[in-house]
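Asks: what's the 3D shape of this:
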Amino acid sequence: MVIKLGDRYTRFIWLLVFGIIILLIVQCFVPLTSSSDKIAGLLDDVYFFPVLNSYSSMLYVGGSGPGNYSNIQDAVDDANDGDTIFVFNGTYYEHVVIDKMIDLKGEIRDNTIVDGSSSGNVFKIIADNVSITDFTVQHGGIGVYILYSSNHSICNNAIKDNWEGIGLLQSSGSIISSNIIFSNFFEGINPIQSSLITISRNTIVGNLQGIFLSGSEDNNIYGNNINSNTRGIEVRLSSNNNHIYHNNFINNNQDNAFDECSNTWDNGYPSGGNYWDDYTGSDGDGDGIGDTPYSISGGSNKDYYPFMNQSGWNQPPYQPSDPYPANGATNVITNPVISVNVNDPDGDNMDVFFYNESDDSLIDIDLNVPSGDRASVTWIDLANYTTYYWYVVADDGGYTNQSNTWNFTTGEESNQLPDTPIIDGPTSGNAGTTYYYNFSINDIDGDPMYLWIDWDDGTQGPYIGPYESGKVNLGHTWTKKGNYTIKAKAKDIHDAESEWGTLEIIMPMNKPFIFNFPPLSWLFERFPHTFPILRYFLEL
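Replies: Model prediction:
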């Protein structure tokens, strides 16, 4: 073998080899039994730098899963930017400060309650790109307080009985939509020196001011039901260039609206303006829009195209269709999932009410269903060999539409559990690398299935899907070395769950390139109990 010492890479490797040989000679005079103590002493002064999280994780609060947090704030403190925190139903007495770009999601809005105990702000957001959905937020100073940040999503929450519902200070680009904001002592929504905020499709009831703009410009406020506040909307202190249209103003005690600034209160013709319950004009041409403007108190602003009827801009949902079980179905199980397809011409989300036709009693509600999706509930404890009649009502917040009446007959329950998932993929690899696995699922009844996966590193669930029988390909990255057991189970649409499928894997650290150099390989194989310090750092 000819070695060119002029090659810098080769010189470095051989210098390293010679250094290790010197260490070998020195170590011959050191008792091996003391090596671990010496390593421990040397490591006292070694600084380990954290590895940044390069993927998003799901953290869980409440519930009964292993490793779930008891408090929302603890989960926020441990989260990284981009993570999602899922909060199970329950009441959490907390004041949560969010200083990271995370998604915070409750299980069910009316049952996932964050209570401020009548002091302090319930949620305080000081980071960009935060979303809060499906919570009841109550008994705080400010229910949701957004400060000096941008691009938030506050959607589908119930925000009630606070000093102020939602407050914004010097913030921008946020969406506040599809919330119920009621019985707050002062403002329902209060943007201060904030811009490019979208406030849409909220129900704002029983506050001092429904919406109060102060020093806030270039915001869009549309599609809201603003009802029974002392003042519906109040606009002050150079809050100009705001666009306010397609709202319903009903039974607001002092004024439906007050505006001392310069803003636009309609969306032109024929799109129209707002509905005002105190409008006294007429509609001579029958187009649903008043022939004379509505004057806004406080200044010279006008709604030039006021609607004659509530939600005049809104179209009702289409009639719900495509029932499951199909109309006239037989041999239906006694705890069936019943579902329908719902659509809205305006693209509105809908609350869908399921009724027992025999006595018009409510079976259950599927809330905030997107247009084009299926709404579903479980009808529990039905009798065997019995015919049931049912119908649904879709409600987009302004109009409703009722389906036809359908029926099915229950039979002996024959639903079978899905098969145990088979997991196929790499069984070893390097931490920090993404690996992909096939999860083979099958349901003998042909039902769609949901898949729950536990990656054994704190990342698990919730159920994803539904999927038909077949293979689902998913990737995952383990950030630390170790032995892991991937677990997966399938659940069909009747909530029948399979057994756990498992796959054992090993994720060692990457070995440094020098371990693959032949002289070093020979040394480590020839002297397997030497070089404890070097072995520690090379993870050999």
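Asks: What is the neighbour count of residue 389?
Replies: Residue 389 has 12 neighbouring residues, counting by other CB atoms under 10 Å. Just so you know, the C-beta spots here come from the backbone N, C-alpha and C atoms, and that holds for glycine as well.
Asks: so who does the residue lying closest to it once chain neighbours are set aside touch?
Replies: Take residue 389 and drop its neighbours on the chain: the residue closest to it by CB to CB, 6 or more residues apart in numbering is residue 357, 3.8 Å away. By CB atoms under 8 Å, 6 or more residues apart in numbering, the residues touching residue 357 are 389, 390, 391, 405.
Asks: So which of those are in strands?
Replies: Counting by DSSP state E, the contacts of residue 357 place 389, 390, 391 in strands.
Asks: Pipe these into TSV and attach distance to residue 458 and pLDDT per row.
Replies: Formatted as TSV, the ones in strands among the contacts of residue 357 follow (distance: CB to CB, whole Å; pLDDT from 0 to 100):
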residue	distance to residue 458	pLDDT
389	47	97
390	42	97
391	45	97
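Asks: CA atoms only: put stretch 475-487 into PDB for me.
Replies: Output of stretch 475-487 as PDB, limited to C-alpha atoms (Å, rounded to 0.1, in the frame of the first residue of the first chain):
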ATOM      1  CA  GLY A 475     -43.500   8.200   8.000                       C
ATOM      2  CA  HIS A 476     -41.900   9.000  11.300                       C
ATOM      3  CA  THR A 477     -38.600  10.300  12.700                       C
ATOM      4  CA  TRP A 478     -37.100   9.200  16.100                       C
ATOM      5  CA  THR A 479     -34.800  11.800  17.400                       C
ATOM      6  CA  LYS A 480     -33.100   9.700  20.100                       C
ATOM      7  CA  LYS A 481     -31.400   6.300  19.900                       C
ATOM      8  CA  GLY A 482     -33.100   3.400  21.600                       C
ATOM      9  CA  ASN A 483     -35.400   0.400  21.200                       C
ATOM     10  CA  TYR A 484     -38.900   1.200  20.200                       C
ATOM     11  CA  THR A 485     -42.200  -0.700  19.700                       C
ATOM     12  CA  ILE A 486     -44.500   0.700  17.100                       C
ATOM     13  CA  LYS A 487     -48.100  -0.100  18.000                       C
END
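Asks: just to confirm, which helix or strand has residue 432 in it?
Replies: Taking DSSP states H and E as the definition, residue 432 sits outside all helices and strands.
Asks: And for residue 372, the neighbour number?
Replies: Per other CB under 10 Å, the neighbour tally for residue 372 reads 10.
Asks: Not counting sequence-adjacent ones, nearest residue to it?
Replies: In this structure, residue 372 finds its nearest non-sequential neighbour in residue 343, 5.7 Å apart by CB to CB, 6+ apart.
Asks: Per-residue pLDDT of that neighbour, please?
Replies: The model reports residue 343 with a pLDDT of 92.
Asks: Check the one 4 residues further on too.
Replies: With respect to pLDDT, residue 347 has a value of 81.
Asks: What's the separation between the closest residue to it other than its chain neighbours and residue 131?
Replies: Nearest residue to residue 347, sequence neighbours excluded (CB to CB, 6+ apart): residue 371, at 5.1 Å. For residue 371, the distance to residue 131 equals 20 Å [CB to CB, to the nearest Å].
Asks: distance of residue 294 from residue 211?
Replies: Plainly put, residue 294 is 17 Å away from residue 211 if you go by CB to CB.
Asks: Then residue 154?
Replies: As judged by CB to CB, residue 154 and residue 211 stand 14 Å apart.
Asks: got it, and residue 91?
Replies: Look at residue 91 and residue 211: by CB to CB, they are 28 Å apart.
Asks: again with residue 187
Replies: For residue 187, the distance to residue 211 equals 7 Å [CB to CB].
Asks: now residue 147
Replies: For residue 147, the distance to residue 211 (CB to CB) stands at 19 Å.
Asks: Which one's more surrounded, the two?
Replies: Neighbour totals were compared for residue 147 and residue 211, and residue 211 leads with 31 against 15 (other CB under 10 Å).
Asks: how many neighbours does residue 105 have?
Replies: Close neighbours of residue 105, defined as other CB under 10 Å, add up to 18.
Asks: need the contact list for it.
Replies: Residue 105 is in contact with 84, 85, 86, 87, 131, 133, 134, counting by CB under 8 Å, 6+ apart.
Asks: thinking the first one is in contact with residue 58, fair?
Replies: Just to be clear, that refers to residue 84. Yes: if you go by CB atoms under 8 Å, residue 84 and residue 58 touch, sitting 5.1 Å apart.
Asks: just the helices in the chain please.
Replies: Here the chain has its helices, by DSSP state H, at 8-27, 35-43, 72-78, 518-526, 532-538.
Asks: any idea which of these scores lowest on pLDDT?
Replies: helix 35-43 (a mean of 35).
Asks: tell me which residues in stretch 74-92 are buried?
Replies: For stretch 74-92, the neighbour count (16 or more other CB atoms under 10 Å) marks 75, 76, 79, 83, 84, 85, 86, 87, 88, 92 as buried.
Asks: how about the nearest residue to residue 265, chain neighbours excluded?
Replies: Per CB to CB, 6+ apart, closest to residue 265 is residue 303, 4.1 Å.
Asks: Just to check, that neighbour is in contact with residue 278?
Replies: No: in this structure, residue 303 is not within contact of residue 278 by CB under 8 Å, at 11.9 Å.
Asks: who's more crowded, these two?
Replies: residue 303 (26 against 11).
Asks: what sits opposite the more buried one in the beta ladder?
Replies: residue 294 (DSSP bridges).
Asks: got the end-to-end distance for stretch 273-280?
Replies: Stretch 273-280 has an end-to-end distance of 15 Å (CA to CA, to the nearest Å).
Asks: Could you do stretch 210-227 as well?
Replies: Calculated as CA to CA, the first-to-last residue distance of stretch 210-227 is 8 Å.
Asks: Going by neighbour count, list what's buried in that stretch.
Replies: Buried, per 16+ other CB under 10 Å, within stretch 210-227: 210-217, 219, 221-227.
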